[in-house]
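Peer 1: mind folding the following:
(one chain, ligands or ions: 1)
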Amino acid sequence: MRNKLIAANWKLNPTSRLEAVNLIEGIKTEIKKTSKNPRQEVVLCVPAIYLGLAQSALLGSEIKLGAQNSYLEEKGAFTGEISALMLAEFGVQYVVLGHSERRSLFGETDEMVSKKSQIALRNNLIPILCVGESLEQRENNLTDSVIISQITKSLENNKINGKNLVIAYEPVWAIGTGKTCSSEEANRVCGLIRAEVQKLYSEEIANQTLILYGGSVKASTIEEQMQKSDIDGALVGGASLVIEEFAQIILKSAK
Ligand code: PEP
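Peer 2: Residues are numbered from 1 along each chain as shown. Next up, the predicted model:
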């Protein structure tokens, strides 16, 4: 049986240090009220500038710390970048890689994602590798080929063991739009991803790899999504910035 993972992607939010601390403290308080499920993990992927304060605020908590990006080299003349080596120093355990916003707004390619992932793995960070089709690709029946291609290329030269990688299926048309993919279809694509991991690695690794769904996840959608055989959790954007909503997502996904 695989664990459940709920990961928050704060994106470029919130805009003040105080709000960031309040958000973390609020989530900690809400989680304490619920009975813990030892098979569930919660990760907060915060903007890089808040990593230090988040590391301190999460001391002694079971909530894990995540980053939203890392560079494809460990160090050197790469102004403005942050490396996996540095993230590890701040107690970061997870890093979101290949998010559709990075791919579409910052020109990130599968090849770059593969290199970033290799460096993250070398520094014992768990990549949360994002893949997903655009609306146009879906409408042209390209979903499966796009996903398979993204998985194959983004994992090239990556040594995966079933515990050191998380994959998030995030249909681009569902991110931040309020439109969720039906849980049947999300489960089908997550199953396709698992089958591809099996082809690239092994059945054992595929069975252990956590595959999340992301795209307008809310407290009202999570229960149904989590009942599906190939969905092991969620990557949550907007709803992770609202303490009670995020707490409900955690609570409902733990059942
Ligand atoms: C995301 O940022 O990965 C995401 C899924 O966002 P939202 O939940 O807001 O759609």
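
Peer 1: could you check stretch 169-179 and say which residues are buried?
Peer 2: Tyr169, Glu170, Pro171, Val172, Trp173, Ala174, Ile175 (16 or more other CB atoms under 10 Å). (Glycine included, C-beta is placed from N, CA and C.)

Peer 1: contacts for that stretch?
Peer 2: With contact meaning CB atoms under 8 Å, 6 or more residues apart in numbering, stretch 169-179 is reached by 99-101, 104, 130-135, 138, 143, 147, 180-181, 186, 189-190, 193, 211-216, 235, 237-238.

Peer 1: show me which pair in the buried residues of stretch 169-179 is furthest apart.
Peer 2: Farthest pair in the buried residues of stretch 169-179 (CB to CB) is Tyr169 and Trp173. Separation: 12.5 Å.

Peer 1: coming back round to it: redo the buried residues of stretch 169-179 as TSV? Include distance to the ligand and secondary structure.
Peer 2: Below are the buried residues of stretch 169-179 laid out as TSV (distance: CB to the nearest ligand atom, whole Å; DSSP: H, G, I helix; E, B strand; the rest coil):
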residue	distance to the ligand	secondary structure
Tyr169	10	strand
Glu170	5	coil
Pro171	9	coil
Val172	10	helix
Trp173	10	helix
Ala174	6	helix
Ile175	4	coil
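
Peer 1: from these, which is closest to Ile250?
Peer 2: Glu170 (18.9 Å).

Peer 1: from the buried residues of stretch 169-179, which is closest to Tyr201?
Peer 2: Using CB to CB, the buried residues of stretch 169-179 come closest to Tyr201 at Tyr169, 17.5 Å.

Peer 1: pull the number of nearby residues for the residue of the chain found nearest the ligand.
Peer 2: Proximity of the chain to the ligand (CB to the nearest ligand atom) peaks at Gly237, 2.1 Å away. Neighbour count for Gly237, taken as other CB atoms under 10 Å: 22.

Peer 1: quick check: closest non-adjacent residue to it.
Peer 2: With sequence-adjacent residues excluded and distances taken as CB to CB, 6 or more residues apart in numbering, Gly237 is closest to Asn9, at 5.0 Å.

Peer 1: quick check on that neighbour: phi, psi?
Peer 2: phi -110, psi 100 (degrees, to the nearest 10).

Peer 1: quick one: the strands in the stretch 51-200 of the chain?
Peer 2: Secondary structure of the stretch 51-200 of the chain (DSSP state E, counting those that start in this stretch): strands at 64-67, 94-97, 126-131, 166-169.
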